[in-house]
Every structure is written in structure tokens, then in C-alpha cells.
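Colleague: I need the structure of the sequence given here:
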Amino acid sequence: MVEAAQIRLLLEQVNDPEIPVLSVLDLGVVQKIYLEANQWIIELTPTYSGCPAMQQIEADILSKLSENGIENARVKHVLSPAWTTDWISKEGRQKLLLYGIAPPVDEVDKSTLFASGPTVNCPKCSSTNTRMVSLFGSTACKAHYQCTECLEPFDYFKCLK
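Modeller: Purely as a prediction, here's the structure:
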């Protein structure tokens, strides 16, 4: 008999298609795993409404489970409570940094977010001398930054609360 812990181990191998260094568990989109009427339910909360990666994540989860003999599973999307970057695991934040994406910081002053962006450390050299180039990065959940010390461009995973 399969247990939820075994499914969780398999989900550690399912990566976000937009940020492949993060598993769906690192990203914090998996809310619950439970058995209901002889079917495994995996509850997912999208990072934001309309996130195009969610369909691929769902397909990848079901494929990973099927590859491992678990055919009685389905994904249920849960919109409340809304996903927040607080749900990214500590390991996930470290993986983002090593991958070259600045992890979310607590954006205390929201009034400057659209004007200049929050102060973000460069993932390459750790300098705080960075500037937001564009509020929109390679995906909707990221902003594009540049370090004024090492001159490297990088993405910043925007804080969502």
C-alpha cells in the first residue's frame, strides 16, 4: 500500500518548468496529499492566478506518479489561501540563489516597489548595489535586475504576500 510519505518523496523529483532548480515542494505549491475514496489527491495552489506552468506541473506530477505505479491520483487546484513566497522552503531559497535568481526579500516599503524595486542582493557577488531594470523578468513572477558592482544581470523572484 502506497503512503503519502512515498508520494511526497516522488514529488521532490518534480521540478517547476519555469525554474527547474526548484521542486514543487521547494516552491511550496503542494498543500496536501491524502487518500479519498481510494484515490490520491494532491492539492496544489498556483503561484498566481493564471500561471501557465500549473498545467505542466499537474501533468508532470501525474506522470511521475504513473511511472512509479500510482495510477489512482488526481490534482486538485486550491486557490485559498493564496500562495505566498513565504511558502518557498529555506532549501528552495538557497537553490534559487545558487541558480542565479535572487530569492524574495521582505518588501517592507511597497510604495517604492514599482519605482525602483526593493533592495536585492546580487546572487553572483552578494552586493546590495543593484537596480531594477524592469518590473517584468523572464516570467511574470520575476523582475529583471542588474548589479552595479559586477555588472551581471539577474532575475529577482518577486515577493508575493
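Colleague: the most centrally placed residue in the chain and residue 152: what is the separation?
Modeller: With distances taken as Cα atoms, centre = their mean, residue 27 lies nearest the centre of the chain, 3.5 Å away. Using Cβ to Cβ, to the nearest Å, one gets 24 Å for the distance from residue 27 to residue 152. (C-beta placed from N, C-alpha, C; glycine too.)
Colleague: could you do residue 31 as well?
Modeller: Counting by Cβ to Cβ, the gap from residue 31 to residue 152 is 35 Å.
Colleague: ok, residue 18 next?
Modeller: 20 Å.
Colleague: okay, these two: which has more neighbours?
Modeller: residue 18 (18 against 15; other Cβ atoms under 10 Å).
Colleague: residues contacting that one?
Modeller: 53, 138, 139, 141 (Cβ atoms under 8 Å, 6 or more residues apart in numbering).
Colleague: now restrict those residues to buried residues only.
Modeller: 53, 139, 141 (16 or more other Cβ atoms under 10 Å).
Colleague: element containing the nearest residue to residue 127 once chain neighbours are set aside?
Modeller: Closest residue to residue 127 apart from its sequence neighbours, by Cβ to Cβ, 6 or more residues apart in numbering: residue 149 at 3.9 Å. Remark: residue 149 resides in no helix or strand, with elements defined by DSSP states H and E.
Colleague: so what pLDDT did residue 149 get?
Modeller: Reported pLDDT at residue 149 in the predicted model: 96.
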